[in-house]
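Enquirer: With the sequence up front, the predicted model follows.
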Amino acid sequence: MRPIAPAREYDVPVLADLNNRFAPDGLTLPRSESFVEAHLDDYRVIRDDDGHVVGCVCIDEYSPSLVELVSLAVDPSQQGKGLGAQLVKAAVTLAAKRGYPEIFAVSFSDSLFQRCGFHFQDIEKYPEKKRRYDRVSADEWTIGHKHCFALALPVEHV
């Protein structure tokens, strides 16, 4: 198991690039460096032995009571090693520490999110997400068969 760490300023271009490798297939939404910079405190990363980022995840606040897990990406050379699950768990931990009572995600990766304790949720519960999809591209929701997942969080008092 590799350690999870907060992202650093020098990671911004790498995080945008890693995320955007998966955007053409609809696995992630495209992210600009300005999005990454604005959410830098919300990113967690996994590095290889040489210190290079090989995986990332971000949480994106919709309201004080709701956060979405976004930008989950693992370098193809590192997939199949459990890094995705580590990153999902890191995002859940971060959201709980910040006091969010719920986290949700939209993904093709049914088994990953179910293994991490998430359950299927109707996207209609999150009109904020649907509005964002409408602004980005209606096609983002209809690519393949993405599902919505949610997890109630035990709120940690820090």
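Expert: Okay, I see it.
Enquirer: quick check: longest strand of this protein.
Expert: Secondary structure of the chain per DSSP state E: the longest strand is strand 53-63.
Enquirer: Need the per-residue pLDDT for Ile103.
Expert: We note a pLDDT of 96 for Ile103 in this prediction.
Enquirer: quick one: what helix or strand has Lys89 in it?
Expert: helix 83-97 (DSSP states H and E).
Enquirer: And that helix, what does it pack against?
Expert: Helix 83-97 sits against strand 4-6, strand 43-47, strand 53-63, strand 66-74, strand 102-107, helix 110-115, with contacts defined as 3 or more C-beta pairs under 8 Å, 6 or more residues apart in numbering; DSSP states H and E. Placement of C-beta: from N, CA and C, glycine included.
Enquirer: The longest strand of the chain to strand 102-107, inter-axis angle?
Expert: Interaxial angle of strand 53-63 relative to strand 102-107 (axes from the mean of the first three to the mean of the last three C-alpha atoms, to 10 degrees): 120 degrees.
Enquirer: Now do Arg9 against Glu37, distance only.
Expert: Wrong residue type there; residue 9 is Glu, not Arg. To Glu37, Glu9 is 8 Å away according to C-beta to C-beta, to the nearest Å.
Enquirer: still on that earlier bit, now do the longest strand of the chain, average pLDDT.
Expert: Here the average pLDDT along strand 53-63 is 95.
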